[in-house]
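Enquirer: Mind looking at a prediction? Sequence and model below.
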Amino acid sequence: PVSGACGAGTSRPVEKVTPPAPPTGVRRLLWRLPIHLYRLRLGRFLGHRLMLLTHTGRVSGRQRQAVIEVVHRDDHGYVAASGFGPRADWYRNVMARPEVTLQVAGRTLLATATQIAPGESAEIMARYATRHPSTARRLCKLMGFTVNGTEEDYREIGRQIPFVRFTPR
């Protein structure tokens, strides 16, 4: 089990304390800094845990970009979680128009986005928390969750936030 990854180890259930809001102002500029690194062809230095997602705006039809974390990788592709929930622009865009382009560690791929079922998302989140306990702790706080840090807590978070699989074409 993941011990103490979010919270003080109490037995209270996962609780959503504040709904996350996408960053604004200076925080937004800093949040989007990795996009500029990719544009300068320096994305390979960000490694395999971050990817540049190029997608089409569901309303504008214009090309949009976001750098998101790869929380899992397998034979089927790359998996990311929408930490800001189903309201995140990139998430709503790829659900409306699933044909995307990914750049991961200097490699460019065409891919198709599909939502992952909550049961599988739960297991992916629990494995992620085991591999990256301090990052999982910070992410759950950023996403507005208070949990006791057990694997079951992380599974519950995985059931509550949307996960997306990007399958190379």
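Expert: That came through, no problem. Here the structure is a predicted model, which means the values were calculated and not measured. Numbers count the residues shown, from 1 in each chain.

Enquirer: For residue 38, give its distance to residue 79.
Expert: Noted for residue 38: a distance of 19 Å to residue 79, by Cβ to Cβ, to the nearest Å. In this view, the C-beta of every residue, glycine as well, is placed from N, C-alpha and C.

Enquirer: Correction: the previous question concerned residue 140.
Expert: For residue 140 relative to residue 79 (Cβ to Cβ), the value is 17 Å.

Enquirer: And the two? Which one has more around it.
Expert: Remark: of residue 140 and residue 79, residue 140 carries more neighbours, 24 against 20, as counted by other Cβ atoms under 10 Å.

Enquirer: wouldn't that one be in contact with residue 157 here?
Expert: Yes: applying Cβ atoms under 8 Å as the test, residue 140 and residue 157 come out as touching, 6.1 Å apart.

Enquirer: okay, and the common contacts of those two?
Expert: Common neighbours of residue 140 and residue 157 are listed as residue 147 (criterion: Cβ atoms under 8 Å, 6 or more residues apart in numbering).

Enquirer: contacts for stretch 43-57?
Expert: Here stretch 43-57 makes contact (Cβ under 8 Å, 6+ apart) with 34-35, 37-38, 62-70, 73, 78, 80, 89-90, 93-94, 97, 99-106, 113, 166.

Enquirer: For residue 68, see how far away the residue nearest to residue 58 when sequence neighbours are not counted is.
Expert: In space, and not counting its chain neighbours, residue 58 is closest to residue 96: 3.7 Å by Cβ to Cβ, 6 or more residues apart in numbering. For residue 96, the distance to residue 68 equals 17 Å [Cβ to Cβ].
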